[in-house]
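**Q** 3D, please:
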Amino acid sequence: MSELDSRTLTGVRSTIPTEPSDITEPLYGARIGQAISRFFRKYTAFHGRASRSEFWWVALAHAVLSLVPYVVLGIGVIVGASWAANNKQAEYYDYGNGTKSLMGYTQPGVIEYPPAAILIIIGVALAALLFLATVVPFLSLTWRRLHDANFPGPFFFFAVIPFIGSLILLILAAQPSKDAGRRFDRQLNR
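**A** Numbering: from 1, shown residues only. Sure, this is the predicted structure:
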């Protein structure tokens, strides 16, 4: 099966990626909509392969979508911190003989201001929901992307190595597709 469908439009040849009939095949040159659709349709498929375009479009969409909860959370923290800084209270030590000395200032916590607490809770809840909705699909997509570059899927666990693990995984995911990666395709019994 050809990876790109060549069509003639007004005398100009263009390459437009089309969905392969077999969803287990990688879709090279996928558009963002196709990549996201395949991301959720193959959310538990750890066999097969995923093209670079499938992987990177989903990674971009996930990164942009991840900004939403963190912006809400950040606004909540900023609002709460500015409220807390403006509501500090003096703390005095009472000597018991009628004299007091200033010990310092205390300020309330960031989440003690109800509007800030609500924003923080919403931001954390949205981040948790996004994580729970995408952790397995993203794991399987990364696993399949490693297969397409002819690396075994368990190389995903390089990501748990502190500091450099994510960088190693990023470099592996950026590798070009290799024909030898076909060995990870599920073989149908004939």
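**Q** for the residue nearest in space to the middle of the chain, which non-adjacent residue is closest in space?
**A** Centrality entry for the chain: nearest residue to the mean C-alpha point is H62, 4.6 Å, by Cα atoms, centre = their mean. Of all residues not flanking H62 in the chain, T134 sits nearest, at 6.2 Å (Cβ to Cβ, 6 or more residues apart in numbering). Placement of C-beta: from N, CA and C, glycine included.
**Q** all helices for this structure, in order.
**A** 32-41, 52-85, 114-148, 165-173 (DSSP state H).
**Q** tell me what angle the last one forms with helix 52-85.
**A** Angular relation of helix 165-173 and helix 52-85 on a 0 to 180 degree scale: 150 degrees, by axes from the mean of the first three to the mean of the last three Cα atoms, to 10 degrees.
**Q** does K100 really touch E91, like I thought?
**A** No: counting by Cβ atoms under 8 Å, K100 stays clear of E91, with 10.0 Å between them.
**Q** circling back: would you reformat the helices of the chain as a markdown table and include mean pLDDT?
**A** Putting the helices of the chain into a markdown table (pLDDT from 0 to 100) gives the following:
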| stretch | mean pLDDT |
| --- | --- |
| helix 32-41 | 92 |
| helix 52-85 | 95 |
| helix 114-148 | 95 |
| helix 165-173 | 94 |
